[in-house]
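*Asks:* Here you go, sequence then predicted model.
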Amino acid sequence: MRRIRATTDCFLGATHAVSGMMIDLGPYLRGFEQFMMDLYLDERFAHHLIGKIADVVTELYLYYLGPIAKEVDWVEFSSDHGMQDRPIVSPEIYRKFFKGPYTRVFAAVKKVAPQAKIWLHSCGSVRDLIPDLIEAGVDVLNSLQPRATGMDSAELKREFGSELVF
């Protein structure tokens, strides 16, 4: 990476160290139905589990980025937050359980690689979550599914284009 940085004008990215994050790994560990029920029926457990996942994800990213942090222009995260017609969880549930842990993970990465942009891959209809994703630290949202509800490219660019790259 140092050689590429010194000899080219390439924009260097670091792909995700872990595939998925809280909205993916929670269901992987608990099963989708049980994880969703945890969010409503056992909030204490859900907060604890999501917090532990955020701790592990942070540790993996920091370990992975350690030797290359100064050379990285963007760091990729991947977690599908949307279905075709709505987010997987409501904005209220996202704010209650996920926004804080995401903010913490992104801030830890920015601490070791302050120049790096935070790139989040999320499929589906995530329009209702975009303001929260921006507040959590997302700089780039990929991929845009214009046929998913609320994901018209031109509308999103008009509304969020000054704060987010699509």
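*Replies:* Cool, got the structure. On a predicted model such as this, the values are computed, not experimentally measured, just so you know.
*Asks:* quick one, strands of the protein?
*Replies:* 13-14, 74-78, 117-121, 140-142 (DSSP state E).
*Asks:* quick one, helices of the chain?
*Replies:* 2-7, 22-30, 32-41, 43-65, 91-93, 99-112, 130-136, 153-160 (DSSP state H).
*Asks:* could you say what helices and strands the longest one packs with?
*Replies:* Helix 43-65 sits against helix 22-30, helix 32-41, helix 99-112, with contacts defined as 3 or more Cβ pairs under 8 Å, 6 or more residues apart in numbering; DSSP states H and E. Bear in mind the C-beta positions are built from the backbone N, C-alpha and C, glycine included.
*Asks:* Pick out the shakiest of the ones you listed, pLDDT-wise.
*Replies:* Mean pLDDT across the helices and strands packed on helix 43-65 is lowest at helix 22-30; the value there is a mean of 91.
*Asks:* Out of the helices and strands packed on helix 43-65, the one nearest Gly124 is which?
*Replies:* With Cβ to Cβ as the criterion, Gly124 lies closest to helix 22-30 of these, at 11.0 Å.
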